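Student: Need the 3D shape of this:
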Amino acid sequence: MEDLTSKTVAVFSRSFTVPGFAETLPAGEYEIETEVASPPDRQDPAAWKASVLVKLHPRASHPGLARTLTLSLADLDQARARDKLTGKALSDFFLEEMLADPMVQLVMQADGVTEAHLRHLYSGSGTPDPNLAAPSSKTTARGARDEESIRTAESEGMPSRPDAPPPLRTGPAAGKT
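Tutor: Numbering: from 1, shown residues only. Below you'll find the predicted structure:
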């Protein structure tokens with residue numbers, strides 16, 4: 001039978017807290033066990049939520065007592081993100097991760113967007129900086145040109161529309177053939 005848990009170590013450089021646990025945990029290494037799949041004896045596998053088991057450090061008052069804490073994967077990820085932030089806002093952490101992504105760098109280069117412009121955009125100041133005005137997107141302009149070319153190609157070979165609708169005939173001449 002295959003192992004349904006994954007073991008790893010999480011390192012916290014600062015003390016941290018997690019929701020639903022009234023204790024501040026000290027900085028250091030924590031052994032983590034993650035269930036990678038729903039347990040086979042689970043009645044409703046679709047309702048299963050990923051969780052982790054964190055092996056806590058023993059308290060000074062009870063050095064031989066082994067303790068564990070079960071939390072959601074999201075709570076652990078949020079605690080780790082806050083630890084990496086060292087006081088920064090979560091949006092700053094997101095921005096740094098985004099700017100480190102090579103694919104994002106390529107899209108920025110293709111669109112002519114600078115890192116300074118994105119930092120200003122995510123700064124939350126809400127005021128546009130004329131010195132950092134991003135050039136109009138090359139991909140947007142190219143998209144409009146491509147769309148017009150597609151429309152022209154689709155219309156090729158179709159009869160042209162008359163500029164004005166033909167006059168309506170009324171009166172006795174309308175019934176003659």
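Student: which residues of the chain score low on pLDDT?
Tutor: 1-4, 36-50, 85-93, 124-144, 153, 157-177 (pLDDT under 70).
Student: where's G20, which helix or strand?
Tutor: If you go by DSSP states H and E, G20 is not part of any helix or strand.
Student: Count the neighbours of it for me.
Tutor: Applying other C-beta atoms under 10 Å, we find 10 residues neighbouring G20. For every residue, glycine as well, the C-beta is placed using N, CA and C.
Student: Let me see the domain layout of the protein.
Tutor: Here the domain parsing of the chain from automatic domain parsing is 1-38+49-86, 88-153.
Student: any chance you could map the strands in the protein?
Tutor: Using DSSP state E, the strands of the chain run over residues 5-12, 28-35, 51-56, 67-72.
Student: what about these, which gets the closest to R151?
Tutor: Closest approach to R151 among the strands of the chain (C-beta to C-beta): strand 67-72, 50.2 Å.
Student: The closest one: partners in the sheet, and parallel or antiparallel?
Tutor: strand 51-56 (antiparallel) (DSSP bridges).
Student: orientation of the strand it pairs with relative to strand 28-35 in degrees?
Tutor: Relative orientation of strand 51-56 versus strand 28-35 (axes from the mean of the first three to the mean of the last three C-alpha atoms, to 10 degrees): 150 degrees.
Student: In strand 51-56, which residues are buried?
Tutor: If you call a residue buried by 16 or more other C-beta atoms under 10 Å, then strand 51-56 has these buried ones: 52, 54-56.
Student: so can I have JSON lines of these showing distance to L65?
Tutor: Shown next, in JSON lines, are those (distance: C-beta to C-beta, whole Å):
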{"residue": "V52", "distance to L65": "20"}
{"residue": "V54", "distance to L65": "15"}
{"residue": "K55", "distance to L65": "12"}
{"residue": "L56", "distance to L65": "10"}
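Student: Which of those sits closest to E97?
Tutor: V52 (21.1 Å).
Student: thinking that closest one is in contact with E33, fair?
Tutor: Yes. Between V52 and E33 there is a contact at 6.7 Å, judged by C-beta atoms under 8 Å.
Student: circling back: of all the strands of the chain, which one is nearest Y122?
Tutor: Closest approach to Y122 among those is made by strand 5-12 (25.7 Å; C-beta to C-beta).
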